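S.K.: Provided below are the primary sequence and the corresponding predicted coordinates.
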Amino acid sequence: MGSFKGRTGIMGGTFNPVHIAHISMAEAAYRQAGLDKVVFMPSKNPPHKQDINIIPEKHREAMIKLAISGVPYFEYSDFEFAREGITYSATTLGLLCKMHPENRYYFIMGGDSFFQIESWYKPEKIMESAVLLVISRNGSDKEQMSMYAGILKEKYNATVKFVDMPYMDISSSSIRKLISSGGNAAGYLPYKVWEYIKENRCYI
């Protein structure tokens, strides 16, 4: 993780696999929020996905690096892979703030996660440590999101900013199902990621 002073977006998730909607979210966040960089930080053992078969870390790391290669403002981090046990966003962000207090952190998340954040581990710590950078798809849910942002501001002194991007009906789970059934997932993945999946027979 670079330690330069800057506006750093944190793009978390299992990335099982990383797909084009992830890249589009990071690109929109980078441009609309005026970030200096976006860090892709895969989760090791996310608490909400304990029952999902997640492929080995080496494959997820390789696919992320392939997906963001050539983009100077995208960066990969193994910060959560390097820690033991369940990885909580609150803990990760707290550690980052202690290690690099000169940075301003922006936690990038989709609308579904945004509305669930109060059920997460120590949500107050997340909102204390980072700006919530929420993806609003087509603006259709912006009014409801704005109302909830006001609630979080009042309860936690949260700072919430919105990023607009077109809706993309893509999920890692649907891609895994497609591949396991012998389908072609090329349209949902960066080209190098699809080639990697085929070569290493991931999700077969």
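M.R.: Received the coordinates, thanks. Computed from a prediction, not measured in an experiment: that's the story for all the values here.

S.K.: The strand or helix carrying Gly150 packs against which elements?
M.R.: Element membership for Gly150, per DSSP states H and E: helix 142-156. Contacting helix 142-156 under the criterion 3 or more Cβ pairs under 8 Å, 6 or more residues apart in numbering; DSSP states H and E are the following elements: helix 111-116, helix 123-129, strand 131-137, strand 160-165. For the C-beta atoms, the positions are set from N, CA and C on the backbone; glycine is no exception.

S.K.: Which neighbouring elements make contact with the second one?
M.R.: For helix 123-129, the helices and strands in contact under the criterion 3+ Cβ pairs under 8 Å, 6+ apart are helix 89-99, strand 104-110, helix 142-156.

S.K.: got any ranges where the protein has weak pLDDT?
M.R.: Scanning the chain for pLDDT under 70 picks out 1-5, 46-52, 138-140.

S.K.: which residue lies farthest from the center of it?
M.R.: Here the chain has its C-alpha centre computed as a mean, and the residue farthest from that point, by Cα atoms, centre = their mean, is Gly182 with 27.2 Å.

S.K.: how far away is it from Trp194?
M.R.: Gly182 sits 14 Å away from Trp194, taking Cβ to Cβ, to the nearest Å as the criterion.

S.K.: Please apply the same query to Thr8.
M.R.: In this structure, Thr8 lies at 29 Å from Trp194, with Cβ to Cβ as the measure.

S.K.: just Met147 next, same as before
M.R.: 40 Å.

S.K.: Pick out whichever of these two has more residues nearby.
M.R.: Just comparing Met147 and Trp194: by other Cβ atoms under 10 Å the higher neighbour count belongs to Trp194, 21 against 9.

S.K.: Return the distance of the more buried one relative to Asn45.
M.R.: Relative to Asn45, and taking Cβ to Cβ, Trp194 is found at 26 Å.

S.K.: Next, the residue farthest from the centre of the chain: phi, psi?
M.R.: As for Gly182, its main-chain torsions (degrees, to the nearest 10) stand at phi 90, psi 10.

S.K.: and if you look at Glu199?
M.R.: phi -60, psi -40.

S.K.: what's around it, how many residues?
M.R.: Neighbours of Glu199 under the rule other Cβ under 10 Å: 8.

S.K.: Can you give me the neighbour number for Ile204?
M.R.: If you count neighbours by other Cβ under 10 Å, Ile204 ends up with 9.

S.K.: Kindly report the same for Val131.
M.R.: Counted by other Cβ under 10 Å, the residues lying close to Val131 total 18.

S.K.: hang on, it packs against Tyr106?
M.R.: Yes. Contact between Val131 and Tyr106 holds when scored by Cβ atoms under 8 Å: they sit 4.7 Å apart.

S.K.: Need the overlap of contacts for those two.
M.R.: Shared contacts of Val131 and Tyr106, defined by Cβ atoms under 8 Å, 6 or more residues apart in numbering, are found at Lys161.

S.K.: For the nearest residue to Phe15 once chain neighbours are set aside, give me its contacts.
M.R.: In space, Phe15 comes closest to Pro42 once its chain neighbours are excluded; the distance is 4.8 Å by Cβ to Cβ, 6 or more residues apart in numbering. For Pro42, the contacting residues are 12-15, 57, 60-61, 64, 78, 80-81, taking Cβ under 8 Å, 6+ apart as the criterion.
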